[in-house]
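Asker: Let me see the structure of the following:
(2 chains)
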Amino acid sequence: MRWSHYFIPTLREDPADAEVISHRLLLRAGYIRQLGAGIYSLLPLGWRVAQRAMKVVREEMDAIGGQEFFLPAIHPAEVWKESGRWEVMGETMFRLRDRKGADMCLGMTHEEVFTTIARHEIRSYKQLPQVWYQIQTKFRDEERPKSGLMRLRQFIMKDAYSFDVDKAGLDRAFEDQREAYKKIFDRCGIKYHIVEASSGAMGGSESNEFMARTSAGEDFIAVCDACGYAGNLEKATSRIAQVEDEAGPAAPEAFPTPGVRTIEDLTTFPGGAAADRQVKTLVYLATDGATREQYAVLALLRGDHQLHEVKLADSLGASEVRPAHPEEIRDLLGASAGSLGGVGARDRATAAKQKLRIVADSALEGRRAMTTGANKDEHHLRGVDVERDIRPDSWADLRTVSAGEACPNCEGGTLDVFKAMEIGHIFKLGTKYSESMGARVLTQEGKEAPIVMGSYGIGVERILSAAVEQSHDADGIVWPRAIAPFDVVVTVTNVKQQEITDAGERLYAELRRAGLEVLLDDRDERAGVKFKDADLIGIPFRLTVGKKVTDGKVELFDRATKQSEDVSIDGVVALVQTRALSGL
RNA sequence: CGGGGCGUGGCUCAGCCUGGUAGAGCGCUCGGUUCGGGACCGAGAGGUCGGAGGUUCGAAUCCUCUCGCCCCGACCA
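Answerer: Residues are numbered from 1 along each chain as shown, chains lettered A, B, ... in the order given. Coordinates of the predicted model:
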């Protein structure tokens, strides 16, 4: 391509609306333009990068036997009603009506459509396994689109689905995808961690997220520095030192605690207790995932621990949990936050004619002689034995892991906690969709069984933003070679000097003949402007054609290292070819 | 959805509080000088001040409504 006629609208100044680095650079370097909140146009450079990323994705999907489809982006409501997700997806789904008044929606994902195909066409175990995928535009009316390409309302996704007769087949398919994903992100030059994650609205038993570390990320993940264990904070656990309690009294005893509102207050209150010897009591309202019934929950944690709401929701099978309002707490327990406790809470809830569930964090197991609120304002109880006096309905991991805690998976490792963005997610769906939508096959034994499914997604735009987040400097983007829009830019320092222009043209032609994607900067601009622009848009290599052509030399500049070297024109094509294409 | 902020030439922003002929820098066009890290001089083009209504002799500026965008939180495959 000739820069003089190629559309690369670079901006000298930072766009005002862009906050995160990838958004700023993609905008400034002329890769994207915004159309609306969470809706972006990919300009020629941006589309090139997206296409190269998709090429990598296709190659790795095909390598594990994936078959590419192209499914509709607009769906009749029926299939979503069958799976039950017409309601579940709520406001996030873009909905519309056709001229006959029939409900339609824009596809957020394609489990329903692929399952529809599978149930019509797949009858026998002999037709399995299948691995189907597509690269499609998805629509999600996110409550808060943000950060450029990171959270979009319209985006491109590679979504793959596996269909197997049994769990073992699913395990294999899942493992294949996992390996393929590793190759994809490795090739795209993105550093990532594979974490265990909560399956959320997708359902299913197991899921792994591929997370790219960046301060612009929306999730926190915990990663072990020794063994590589990694978990989304929604799922991550850690090992903490056990606290040994002395024997407590035969029954809890109440004592007045005027002015005490917080765990912290009680640690310094005379006759109080250290935070790790207190039981923190949080009141939540949960909505059951299946029945939609709402009920109250007491979440019990050690005083110095933080609740993770997703863990709470997961442990309850709730679709939604929220902290109870002050009035709701008082109605339920007869006291205000700061004096709440699990002892006798069940009786109070019964008296208030409310359903209550008590969930305790596993760090509380076996604990006794604890201190907690008395459900009477400014009073607490000491000598509480959690099991004996509170009798929780269930025990679960509710605690938020924090940095510096010990790895649950190895000896001696320490967890680090940092922000990351989700770039891929693989799920073992099991039979959730095949059962609700009736996709069944006859097994070898002649029995009918639901197809066992998996679902595997990669956000294409997120590959771009993750790459830019992880690979840039003060001058601009530094593209990983596999997804750079061009392999090399040939910068003609002065188009008014014939011998320089001629040399540039010759190199441009030869490099292209050598199979490289080449951008020729033939603009009538000063050299400085061209260098700045080339750095900004982030092409991995720059060949500067200038005065030295008279000595048969050009300059090869490596964008990543910023090293440049004079090389002879004769050998330069082969040199660039090996450097630009090696290891891709 | 709660909180905060912002809409003024293509871009970044000033002007608004205290109403009175719409500004700057960058970019763009033309001419000249320059020419290896975002040049300089000169001459130009370009704006219904997001939209609607209102107050006023007069509104970018004050009031009301509305649309859009950004950020924080909640939420989230």
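Asker: so where's the longest strand in chain A?
Answerer: As assigned by DSSP state E, the longest strand anywhere in chain A is strand A:415-430.
Asker: Below-threshold pLDDT in the stretch 401-550 of chain A: ranges please.
Answerer: Within the stretch 401-550 of chain A, no range satisfies pLDDT under 70.
Asker: for residue A:245, helix, strand, or coil?
Answerer: In three-state terms, and counting by DSSP: H, G, I helix; E, B strand; the rest coil, residue A:245 is coil.
Asker: now do residue A:530
Answerer: helix.
Asker: sorry, back to before: how distant is the longest strand of chain A from the center of its chain?
Answerer: 5 Å (CA atoms, centre = their mean, to the nearest Å).
Asker: go on, stretch A:78-87?
Answerer: 25 Å.
Asker: For it, buried residues please.
Answerer: A:79, A:80, A:82, A:83, A:85, A:86 (16 or more other CB atoms under 10 Å). Any C-beta I mention is one placed from the backbone N, CA and C, and that applies to glycine too.
Asker: Equivalent analysis for stretch A:344-356, please.
Answerer: Of the residues in stretch A:344-356, those buried (16+ other CB under 10 Å) are A:344, A:345, A:346, A:348, A:349, A:356.
Asker: Which residues outside that stretch are in contact with it?
Answerer: With CB atoms under 8 Å, 6 or more residues apart in numbering as the test, stretch A:344-356 has contacts from A:281, A:293, A:295-298, A:331-334, A:358, A:375, A:390-391.
Asker: Please tell me which one of those counts the most neighbours.
Answerer: In terms of neighbours by other CB atoms under 10 Å, the contacts of stretch A:344-356 top out with residue A:333 at 28 neighbours.
Asker: Who are the contact partners of residue A:470?
Answerer: With CB under 8 Å, 6+ apart, residue A:470 has these contacts: A:189, A:190, A:191, A:212, A:213, A:214.
Asker: rewinding a little: list just the nearest of the buried residues of stretch A:78-87 to RNA strand B.
Answerer: Nearest to RNA strand B out of these is residue A:85 (CB to the nearest atom of the strand; 8.3 Å).
Asker: State the distance from that closest one to residue A:432.
Answerer: Residue A:85 sits 10 Å away from residue A:432, going by CB to CB, to the nearest Å.
Asker: what about the closest residue to RNA strand B within the stretch 101-250 of chain A, which SS state?
Answerer: Closest residue of the stretch 101-250 of chain A to RNA strand B, CB to the nearest atom of the strand: residue A:109 (2.4 Å). Secondary structure, three-state DSSP: residue A:109 is coil.
Asker: in stretch A:145-165, what's buried?
Answerer: Going by neighbour count (16+ other CB under 10 Å), the buried part of stretch A:145-165 is A:145, A:147-165.
Asker: For RNA strand B, tell me which of the residues you listed show up nearby.
Answerer: Counting by CB under 7 Å from any atom of the strand, A:145, A:147, A:151, A:157, A:159 from these sit close to RNA strand B.
Asker: How about the residue nearest the centre of chain A: what's its closest non-neighbour residue?
Answerer: By CA atoms, centre = their mean, chain A has its centre lying nearest to residue A:422, at 1.9 Å. Using CB to CB, 6 or more residues apart in numbering and skipping the chain neighbours, the partner closest in space to residue A:422 is residue A:209 (5.2 Å).
Asker: ok now the host helix or strand of that neighbour, how far from the chain's centre?
Answerer: Take DSSP states H and E as the rule and residue A:209 turns out to sit in strand A:206-213. Offset of strand A:206-213 from its chain centre (CA atoms, centre = their mean): 6 Å.
Asker: What helices and strands are in contact with it?
Answerer: helix A:167-187, strand A:192-196, strand A:219-224, strand A:230-232, strand A:415-430, helix A:460-470 (3 or more CB pairs under 8 Å, 6 or more residues apart in numbering; DSSP states H and E).
Asker: and the following helix or strand past the shortest one, what's its mean pLDDT?
Answerer: Tracing the chain C-terminally past strand A:230-232 and defining elements by DSSP H and E, one meets strand A:253-256 next. Over the span of strand A:253-256, the pLDDT mean works out to 94.
Asker: ok now strand A:253-256, how far from the chain's centre?
Answerer: On the basis of CA atoms, centre = their mean, strand A:253-256 is displaced by 47 Å from the centre of the chain it belongs to.
Asker: So which residues make contact with that strand?
Answerer: With CB under 8 Å, 6+ apart, strand A:253-256 has contacts from A:271, A:374, A:376, A:378, A:379, A:380, A:381, A:382, A:383.
Asker: picking that back up, just the ones of the contacts of stretch A:344-356 in strands?
Answerer: A:281, A:295, A:296, A:297, A:298, A:358.
Asker: Pick out the most distant pair among those.
Answerer: A:281 and A:295 (16.4 Å; CB to CB).
Asker: buried set for the helix or strand bottoming out on mean pLDDT in chain A?
Answerer: Least confident helix or strand, chain A: strand A:318-323 with a mean of 82, by mean pLDDT, DSSP states H and E. Judged by neighbour count using 16+ other CB under 10 Å, the buried positions of strand A:318-323 are A:318, A:319, A:321.
Asker: Could you name the helices and strands sitting against it?
Answerer: Using 3+ CB pairs under 8 Å, 6+ apart: strand A:318-323 touches strand A:279-288, helix A:309-316.
Asker: In JSON lines: these, plus mean pLDDT.
Answerer: Formatted as JSON lines, those follow (pLDDT from 0 to 100):
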{"stretch": "strand A:279-288", "mean pLDDT": "90"}
{"stretch": "helix A:309-316", "mean pLDDT": "87"}
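Asker: Export the ones you listed as TSV, with columns for distance to RNA strand B.
Answerer: Formatted as TSV, the helices and strands packed on strand A:318-323 follow (distance: least, CB to the nearest atom of the strand, whole Å):
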stretch	distance to RNA strand B
strand A:279-288	10
helix A:309-316	5
